[in-house]
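In: here's my sequence, what's the structure:
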Amino acid sequence: MADTDFSSVPKSSGVPKPQVYDLINRLNAAFARVHRNMEALEAVGIFDPLMMQVLNRQHEQLRAGVNYHLLGAMRRIEERDRQRFAQPPNEEIPSP
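Out: Next comes the predicted model:
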C-alpha cells in the first residue's frame with residue numbers, strides 16, 4: 001500500500017506537520033508579546049535603559065536560536081518528504 005501521509009513528521013511523533021507549524025507560530029506570537037511587554041516596561045522609564053537593552057537582546061537571541069533549531073529540524077523533514085514524494089509511486093505490476 002502506498003504511503004499517502006503527506007503531512008506528518010516522523011512516524012514516532014504522531015503529530016501532523018500543520019500542528020507543528022501552528023505550535024511554532026504560537027511560540028513566535030508569545031515571543032512578540034514578550035517584546036511588546038518589554039517595550040512597555042522600558043517606556044515606564046524607571047528601569048535602567050542599558051539593562052533593558054541587554055534584556056531585549058537576550059530575548060531576541062533566544063527567539064532567533066529557538067527558530068533556527070526548530071525550523072532547521074522542520075527543513076530536514078520537508079527535504080525528506082520532498083525526496084520521498086518525488087519518487088514514482090510503487091505500482092503493482094499485474095500478473096500475466
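In: neighbours around N56, how many?
Out: N56 has 15 neighbours, counted by other C-beta atoms under 10 Å. The way it works is simple: take the backbone N, C-alpha and C, and place the C-beta from them, glycine included.
In: hmm, it is touching M38, no?
Out: Yes. Between N56 and M38 there is a contact at 5.6 Å, judged by C-beta atoms under 8 Å.
In: overlap in contacts, these two.
Out: Residues touching both N56 and M38 by C-beta atoms under 8 Å, 6 or more residues apart in numbering: none at all.
In: alpha carbons of stretch 48-64, as CSV, please.
Out: The C-alpha coordinates for stretch 48-64 follow below in CSV (Å, rounded to 0.1, in the frame of the first residue of the first chain):
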residue,chain,number,x,y,z
ASP,A,48,17.9,51.1,33.7
PRO,A,49,17.8,51.7,29.9
LEU,A,50,21.1,49.8,29.3
MET,A,51,19.8,46.8,31.3
MET,A,52,16.6,46.9,29.3
GLN,A,53,18.7,46.8,26.1
VAL,A,54,20.6,43.9,27.4
LEU,A,55,17.4,42.0,28.3
ASN,A,56,15.9,42.8,24.9
ARG,A,57,19.0,41.5,23.1
GLN,A,58,19.0,38.3,25.2
HIS,A,59,15.3,37.8,24.4
GLU,A,60,15.9,38.3,20.6
GLN,A,61,18.9,36.0,20.8
LEU,A,62,16.7,33.3,22.4
ARG,A,63,13.9,33.8,19.9
ALA,A,64,16.4,33.6,17.0
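In: how far off centre is that stretch?
Out: Here stretch 48-64 shows a centroid-to-chain-centroid distance of 22 Å under the convention C-alpha atoms, centre = their mean, to the nearest Å.
In: what comes up buried for it?
Out: For stretch 48-64, a neighbour-count test (16 or more other C-beta atoms under 10 Å) marks M52, L55, R63 as buried.
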